[in-house]
Each structure stands twice: as structure tokens, then as C-alpha cells.
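S.K.: show me how the following folds:
(chains A, B and C, ligands or ions: 2)
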Amino acid sequence: MAVVQANLKQLSPAARGRAFAWRWGPALATLLLVLVLWEVGVRLFHVAVYLLPPPSLIGARLLERGSFLLGIGLYTFEEALWGFIIGCSLGAAVAVLSVRWRWIAHGLLPFAVASNAVPIIALAPLVGIWFGSTTQGSKIVIVAIMTFFPTLLNTYRGLLSPAPEALELMHSYAATSTQSFLKLRVPAALPFLFNALKISATLSIIGAIVSEFFGGPLKALGVYITSQAGIGHYAEAWAAIVVACGLGMAFYLVIVVAERLVMPWNTTGES
Amino acid sequence: MQVQAPVIAINNLTKTYEGGAGQVVALANVSLQIGAGEFISLIGPSGCGKSTLMRLIGDLTQPSAGSIAVKGKTPTCARRDRDYGIVFQAPVLYDWRTVQRNVELPLEIMGQPRSERARRSAEMLKLVGLSEFEQAYPRQLSGGMQQRVAIARALVFAPSILLMDEPFGALDELTRERMQGELLEIWARTNATVIFVTHSIPEAVFLSDRVVVMSPRPGRIEAIIPIDLPRPRDTLTREDPHFFALATEVRERLRHS
Amino acid sequence: MSDDLILLGHDVPAASRRVRPLLRESRTFAVITLVVVIVVLWESAKLLFHLPDRKLPHIGSILLEFGTRTQGGSGPYWGVLMLNNAAATLGEALTGFVLGGVLGCLLAVVFTASPLLERGLLPYVVGSQLVPILAIAPMVVIGMGHLGAPDWLSKAIIAAYLTFFPVTIGMLRGLRSAPPDSLPLMHSYAASSSQIFWKLRLPASLPYLFTALKIAATASIIGSIIGELPVGAARGIGVVVVNAAQYYNSRPQNLWAAVLVASLLGLCFYGAVVLAERLIVGPQAQT
Ligand SMILES: Nc1ncnc2c1ncn2[C@@H]1O[C@H](COP(=O)(O)OP(=O)(O)OP(=O)(O)O)[C@@H](O)[C@H]1O
Ligand SMILES: [Mg+2]
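M.R.: Numbers count the residues shown, from 1 in each chain, chains lettered A, B, ... in the order given. Ligands and ions are numbered 1, 2, ... in the order given. You can find the predicted model right below:
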């Protein structure tokens, strides 16, 4: 595998471009095909706009109102981002404390199970009462709750993941508990943490949009989608969805890139 | 037979585990003296307490009765003095560290400066023949290479006692024999005392100064067989009739255990 | 270590059965303790920080809300009304859950039988998740409303969309989870492929299936509730929550009661799947 790695690095730019095309070409081709089929299908069968507007119409709206849509997209993204930051960092911090004091983990058990079972989004109006239903605060809180538990559970598992022998090795070096925490448990938990961050990235965008369905200012993506759909401007609503997808994928990709940078050992050796 | 003062003195050592189904006596009244620089193998059927004995010496678990003195100290003191290098059956390398940084890990814990760490790890990796792989990650290495890194890591801080629990257990026969030869070369250059747990009779005979045969339920020492094959040992040693005679003796003792 | 994982409800290796009976008893106890703790914290916070009913009503008044009549005392009890609406939501979610579940299982079975179909179709199954169905929910509901489809159908479709993906992936993994040497073993008995399926693959897949179904249960309830949000929806717990939020100033406890019912709905559906898992997979089921 080391050999494969070396070869990849020696590739000429042209060959690298070809490798890139092989990797992403099929996906791009599929996307184009889907768009074409969609356009042709909608026109051929006269599908009503309220069911599915043709991509050309959505694209036109996207171009017309691009900067406005991006603006409201960023407004919602800000909520998602803050909720993500708060939920994930609290989750990771509580996981660290839970490893140190196990009763914290035991005490959080019922909430962790409930967080899997309760439709957290239904709490949105209540959170709105506390943090202002038209402010960003209430959405941030909902997103933070949604991302807290997956991050907590994953990080906790990750911190507990080192094999007993790995811990015994540290013991045999007479390492302090801080040393074995920082040099063993934390790096071992990183893949688990990044998994949680990837889940949370997607979750946070959807969570922010959906909690805006319960109320928010007109400059929010979720409010815009419902209001435009409500007055029959379907292409506008779909254009807003496209912006949401774009932001979601960008967020996700940022996490993937960060993962590769932080954990080079996880990706080298992959071909 | 041993002229030196014992480095490890084990006296009436007993270890019982509290299991769900009552007590398990893993070791009963084991006594053993191990000299400085000696190579000792522990062999015996599964569950006879080999790992337990090794772990007791290494302060990875505590005895129920009896005592262990390591260089006149308790195992805990010896551990704090960094007297032990441990190699398990699995290499237990840290995925997130390069080979070099894995080998440097103990030195890092012990607070050695960076330049010293780099020098020592380079030396060790040369010793185990992995100099070109310093910057590789463990996943890029074969099982045998990983185990060599683990050995380098165990030796890098020059511990006086090397504890090895079936270190070659997961390797194929040929790699295993090659690693045995390399281990002996490395050992000859250090003056470490080695306690080596194995299931393989030829391995025990080839490597050791003495083979300790253990028997189960409760774990006891059945026999201690001195191996007087001349050193340095090599592939020819394996074809020596005396080698077969000793292996047969170990086998006989194992059968009676 | 593994105890903690059991407690946190995650992949439990078959080991440590010993802690199980002990756990079950202590769990009832833990839940009761928890409820008591929450009630005490709630009421003392209200007292200590002088929180008005507008911010935090008494627990008693929330519970009493269920026994109050609507329309100023002439309509049905709130409790009955909310349960009716919760039942409507459950009906939508359950329909979608069953549709999505059956589709997911079928896809997984087809994929295991035919690697060719898997290679061709699995990317689309995965790609389907690029569509944020919850964000599109208003359009699905309004669009299908224009088409004249019954009210519940659009919510069921959203729930089905949310269900089929985890079930396909979970079941696929489950069907492949039979121990590596067990397949050659079955072949050595000259077992037919249907025997292999029923006696080996299917039982092996059940734990995975149920893990997926638990995820899907909550997701389908969420999908139904979100589908009830656009203006014009008539029934469902989502409608009750939105209405209660509108009249919050006059009846704060009403919203709390509605949210409580919505949460309990999720917990009950999830609990039903866990129960089914216990009955079907048996005692070694994960919790
Ligand atoms: N942590 C433990 N808790 C309970 N019993 C244990 C524990 N560790 C070992 N034992 C028991 O002690 C006995 C000796 O175990 P030990 O691991 O020392 O055997 P071993 O000789 O190393 O066997 P093997 O060759 O299979 O590695 C066994 O009966 C085992 O079941
Ligand atoms: Mg052992």
C-alpha cells in the first residue's frame, strides 16, 4: 500500500486529472442525466408546476434571485452553525467528563434513549417561547439539542475504544492519567468524533430549516420555503431548497476535509 | 546453574480470580528465580496461567498471596522505574502515529527531548530492519513488520526486563522463525532479561536458556528444563539432534502436566 | 466498559448477560426516580426564579389541561382531542413506516440475491438521501393536496421516504452478517437457497433490521408532524401543536400538553418497536 501511495504522488497532472475524472465522472454524468430526464419528463407529461417544476425554471429563479436566496440561506446557515458548534462541543465535553466520572454517563442514559425516540422538532414552539420564536436563538437551541446526543454517544464510545492492551502499555510506561488520556483516548476517539460531526452537519441544516417551519422572520430559508409554497411560487421554493442542499453539502465537505487534515493516518493507504 | 543474583525472585505466588461461577485459581504456590540477562520461556496448555504470571511480574495485576521481587523492588516500583518493556500477541500500535512516533511513544511519556527520541528510535528501527518505514503508518505494514515495530517500541528505552506474551503467535511459521532469529540477535546486543510466553515447543527451545513448563488447574510449575544449546543459535541449531532431544523432553513434560 | 455501552443503548456484544436482569429492575426504578427528579426540579425552579406561568406552567395545570373541555367548556375534552389527533399522526406515520419498511426489505433481499442489481441501484438508494425530504415536505403536502390525494397520503409518503433508506441499508448489512464460514457449511448440507435464506440469512439480519426500524420509527413520526405544518392541514398532533402555539398567551399549559403528547407518541412508537424486537429476536436483543 505504501507503494501505491508513492505511485499516486508521482502521477503527472494529466494522469491525476484522469484519475479525478474516473472518480467523479460517473456521479456528474448521472446528475446531468437526471436533470435532463427531469426536464424532458416534466415537459412531455405536462406535470403541474406545483408537483415538480422543471429544473430550467428552478435554475432561472436561482439566477434571478441568487443573492437574495444566498442571503437567507446564510441566515439559516448561521443558526445551523451555532447550534452545531454548541451541541457538538457540549457533547464532546460531556463525553470527556463521562469517561472520568461514569455516573454522568449513567445519569444521561434515559435522556440519550429519549433523544432517539422523541421527535425533538416538536419542541420547537416551546423553545420558541423561551428564546423568542422569531429569533435565531430558538433555532440554535433546537439544533444544539439535536446534535448534542449523537456527538456525546459517539465520542464517549470513541474514548472507551482503546484495547485493554493499549491502556496496559501506558500503565507499563508509568504514564500519568492525563498522558494516557491525551496520547491514547483522545486520538482513538477522533474517528468516532468525526463520524458524529458528519451526522451533525447534515442534521443541523435540516434542523434549522425545519424549526423555521414553526415560525421565524421572512429572511429565513425555512419560512421562505413554506411561504412561497403557500402562495404557489413553487419554483422559488425549490430554488431555496437547492440553496439549502448546496449549503448542506458544503458544510459536510468542510468536515470531510477537516477529517482528512486532522487524521491523515485514516486516509493514507486507501486507494 | 545460575551464577548471577536473581533479577526476579518469585516466592509462593498465588493468584485467584473472582469469577461469576466462583473462584478460579490461576496460579498456586509458584516459585521461580530468574537471573540477569536470562532468556526464560513459559510454556503450557491454555489456561495454565502463563499470561497471569507474566502480568503479575509486570504489575499489570496484583497477586493474591506470595511475593515478587524485581531487582529487590516490588513490581510497582520496578514499573515506575521503567524496568519493563512489554510486547503482546497483537502489536497494539497506535494507528494515528507513524512508525517512528510509535517507537518514540515511551520516550515521550518519559519526557525525553525530541532530538534524543529521534536518535533512539532511528537506532531501534535500524535494529529491527525497518529504517525505510519510519514515516509509514502502521496500517501500511504487514503483521510481521508491525510486530517488529512493537518490539522496537518495547526496547527503545532500554528496559532491563522484556515481557513478551506470545509475540509471534499470529505469524506464519517462516516469518516466525525469522523473527526468532532476529529477536536473539537483538537480545544479544542488549542485556535484557526476557520472559517469553509461547505455545510452540521448538520456539521455546530455540530461544531460551531455560524452559518453564507449566500445568493447569491450579497453575503450577511442572518442570524447568535448562537448554544448553550453544549460542549464537541459527538455522543449523534447528537441525541439531540435541535440539530434537530437548524438544522431546519438553514435550514429554508437557504431556505429563 | 461494556456495561456502559449497554446503558447507552449501543451495539452490545453478546457477552455480559449477567447484568441484564439486574438492569431491567433498576431501569423501572431509574425512570421513576428520573420523573420525580424532573418534577422537583421543575417546580422548585419555578418557585426559585419566580417563573411566570407564561414561561413555565405548573406541572399540575399541564396535566389538568387534558381534563378541560375545548371551546370554553362545551367541546370535547382536550385529552380526547389530543389523543385523536395523535392517533391520526400515528396512522400516517405507521402507514409510511410499513410501506417504507416493506420496500426497504424487498430492496435488500433483491440486492443480496443479485449483485448486478445492487451495483446498478444502490447508488440511487444512497443518492435519494441527498434530497432533504423534510425541507421539501411543504411542497409534497401542497402538491399532493392540489392533486386531490387524501390528506394522510402525503404524510405517509414522507414517512415512507424517511423509513426505506435506513431499512434498506440495515437489512442489507444484516443479510450479509451471517458468520463467514456458515455459508459454506450450509452449502455442505446441500441446503437450497431458500433454506439458506430462512434459516441463516434472515435470522442473522433481524438485529440489524430492528436497529434500522428504531431509527425509522422516530423519523416517520417526525416526517408526519412536519407534513402537518403547512396551512390547511386539518388533523394531527402537529396541527394541535401549531394551534396551541398561536394561543399560547391565553393558554400556555395547552402547548405544553400538546408537546407532551407529541413526545409520548414518539416514545410509544419507539417502545413498540423495542417490544417487537424483544419478542422476535429474543432476550439477546440490544436495547
Ligand atoms: N481477568 C480474569 N478474570 C477471571 N479469570 C481470569 C482472568 N484472567 C485469567 N483468568 C483465568 O485464569 C486462568 C489462567 O489464565 P491465563 O490467561 O493466565 O492463561 P494462559 O496460560 O495465558 O492461557 P493461554 O495460553 O490461553 O493464553 C484461566 O483459567 C483464566 O480463565
Ligand atoms: Mg495467555
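
S.K.: number of residues surrounding residue 218?
M.R.: Because you didn't say which chain, this covers chain A. Residue A:218 has 9 neighbouring residues, counting by other CB atoms under 10 Å in any protein chain shown. (Each C-beta comes from the backbone N, C-alpha and C, glycine too.)

S.K.: oops, chain B please
M.R.: Neighbour tally, residue B:218, other CB under 10 Å: 17.

S.K.: kindly report the same for the one 5 residues further on.
M.R.: As a burial measure, residue B:223 scores 16 neighbours (other CB under 10 Å).

S.K.: ok, it touching residue B:252?
M.R.: No - look at residue B:223 against residue B:252 with CB atoms under 8 Å: they stay out of range, at 9.1 Å.

S.K.: okay, and residue B:15 sits in which element?
M.R.: Assigned by DSSP states H and E, residue B:15 belongs to strand B:6-19.

S.K.: that strand and chain C, any residue contact?
M.R.: No - judged by CB under 8 Å from any CB of the partner chain, strand B:6-19 stays clear of chain C, getting no closer than 10.6 Å.

S.K.: low pLDDT regions in the chain?
M.R.: Using chain A here. Along chain A, segments meeting pLDDT under 70 span A:1-11, A:267-271.

S.K.: meant chain C, my bad for not saying
M.R.: For chain C, the stretches with pLDDT under 70 are C:1-27, C:73, C:180, C:283-287.

S.K.: go again using 50 as the cut-off
M.R.: For chain C, applying pLDDT under 50 flags the ranges C:1-22, C:286-287.

S.K.: which stretches of it form helices?
M.R.: In chain C, the segments counted as helices under DSSP state H are C:2-7, C:19-48, C:59-65, C:78-113, C:115-127, C:133-147, C:151-175, C:182-188, C:193-196, C:202-227, C:237-246, C:252-281.

S.K.: repeat for the stretch 101-250 of chain B
M.R.: Using DSSP state H, counting those that start in this stretch, the helices of the stretch 101-250 of chain B run over B:114-127, B:143-155, B:173-189, B:201-207, B:235-239, B:241-256.

S.K.: ok, which of those helices comes nearest residue A:231?
M.R.: Using CB to CB as the measure, helix B:143-155 is the one of those that comes nearest residue A:231, at 64.6 Å.

S.K.: can you read off the pLDDT for the spatially closest residue to residue B:48 that is not a sequence neighbour?
M.R.: In this structure, residue B:48 finds its nearest non-sequential neighbour in residue B:216, 3.9 Å apart by CB to CB, 6 or more residues apart in numbering or on different chains. Here the pLDDT value assigned to residue B:216 is 84.

S.K.: next, residue C:236: phi, psi?
M.R.: Backbone torsions for residue C:236, taken as degrees, to the nearest 10, come to phi 120, psi 150.

S.K.: next, the contact list for it, please.
M.R.: Residues near residue C:236 by CB atoms under 8 Å, 6 or more residues apart in numbering or on different chains: C:85, C:88-89, C:92, C:155, C:224-225, C:227-228.

S.K.: neighbour count and distance to ligand 1 added to those, as TSV?
M.R.: Shown next, in TSV, are those (neighbours: other CB atoms under 10 Å in any protein chain shown; distance: CB to the nearest ligand atom, whole Å):
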residue	neighbour count	distance to ligand 1
C:85	24	55
C:88	23	55
C:89	32	51
C:92	29	52
C:155	31	54
C:224	32	50
C:225	32	49
C:227	31	54
C:228	28	55
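
S.K.: dump those to a markdown table, plus distance to chain B.
M.R.: Listed next are these as a markdown table, based on distance: CB to the nearest CB, whole Å:
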| residue | distance to chain B |
| --- | --- |
| C:85 | 50 |
| C:88 | 50 |
| C:89 | 46 |
| C:92 | 46 |
| C:155 | 46 |
| C:224 | 43 |
| C:225 | 42 |
| C:227 | 44 |
| C:228 | 47 |
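
S.K.: for chain A, tell me which of these show up nearby.
M.R.: Okay, of those touching chain A (CB under 8 Å from any CB), that's residue C:225.

S.K.: which pair in the contacts of residue C:236 spans the largest distance?
M.R.: C:85 and C:227 (13.4 Å).

S.K.: name the nearest residue to residue C:76, ignoring sequence neighbours.
M.R.: residue C:70 (6.1 Å).

S.K.: the residue nearest the centre of chain B and chain C, how far apart?
M.R.: With distances taken as CA atoms, centre = their mean, the residue of chain B nearest its centroid is residue B:164 (2.3 Å). Distance, residue B:164 to chain C, by CB to the nearest CB, to the nearest Å: 26 Å.

S.K.: look up how far ligand 1 lies from that residue.
M.R.: According to CB to the nearest ligand atom, to the nearest Å, residue B:164 and ligand 1 sit 12 Å apart.

S.K.: for that residue, which residues are in contact?
M.R.: B:86-87, B:154, B:194-197.

S.K.: ranges for the helices of chain A?
M.R.: Under DSSP H, chain A gives helices at A:2-10, A:13-44, A:55-64, A:66-100, A:102-117, A:124-131, A:136-159, A:164-172, A:177-180, A:186-213, A:221-230, A:234-262, A:264-267.

S.K.: dump these into CSV; add distance to residue C:147 and mean neighbour count as well.
M.R.: Putting these into CSV (distance: least, CB to CB, whole Å; neighbours: other CB atoms under 10 Å in any protein chain shown) gives the following:
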stretch, distance to residue C:147, mean neighbour count
helix A:2-10, 52, 11
helix A:13-44, 15, 11
helix A:55-64, 19, 17
helix A:66-100, 27, 19
helix A:102-117, 33, 17
helix A:124-131, 29, 21
helix A:136-159, 32, 25
helix A:164-172, 59, 19
helix A:177-180, 62, 13
helix A:186-213, 22, 23
helix A:221-230, 14, 24
helix A:234-262, 13, 18
helix A:264-267, 47, 15
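
S.K.: just want the most central residue of chain A.
M.R.: Note: chain A centre (CA atoms, centre = their mean) maps to residue A:201, 1.6 Å.

S.K.: can you pull the domain assignment for chain C?
M.R.: According to automatic domain parsing, chain C comprises the domains C:1-49, C:81-286.

S.K.: let me have those domains in TSV, extended by distance to residue B:141.
M.R.: As requested, the domains of chain C are arranged in TSV below (distance: least, CB to CB, whole Å):
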stretch	distance to residue B:141
domain C:1-49	28
domain C:81-286	24
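
S.K.: nearest to residue B:180, of those domains?
M.R.: domain C:81-286 (31.1 Å).

S.K.: care to break chain A down by domain?
M.R.: With domains defined by automatic domain parsing, chain A comprises A:1-47, A:55-262.

S.K.: reformat these as TSV; add distance to residue B:135.
M.R.: Output for the domains of chain A, formatted as TSV (distance: least, CB to CB, whole Å):
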stretch	distance to residue B:135
domain A:1-47	9
domain A:55-262	17
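
S.K.: any idea which of these gets closest to chain C?
M.R.: Taking CB to the nearest CB, domain A:55-262 is the member of the domains of chain A nearest to chain C, at 3.6 Å.

S.K.: what distance do you get for the residue in chain C sticking out farthest from the centre to residue C:100?
M.R.: Among the C-alpha atoms of chain C, the one most distant from their mean position (CA atoms, centre = their mean) is that of residue C:188, at 41.3 Å. With the distance defined as CB to CB, to the nearest Å, residue C:188 ends up 38 Å from residue C:100.

S.K.: also residue C:74?
M.R.: In terms of CB to CB, residue C:74 sits 41 Å off from residue C:100.

S.K.: same deal with residue A:111?
M.R.: Distance from residue A:111 to residue C:100, by CB to CB: 27 Å.

S.K.: re earlier: and the helices of chain C: which comes nearest residue B:105?
M.R.: Nearest of these to residue B:105, taken as CB to CB: helix C:2-7 at 26.6 Å.

S.K.: up against chain B, what does the stretch 101-250 of chain A have?
M.R.: Counting by CB under 8 Å from any CB, the stretch 101-250 of chain A sits next to chain B at A:163, A:165-166, A:168-175, A:179, A:183-184, A:187-188, A:190.
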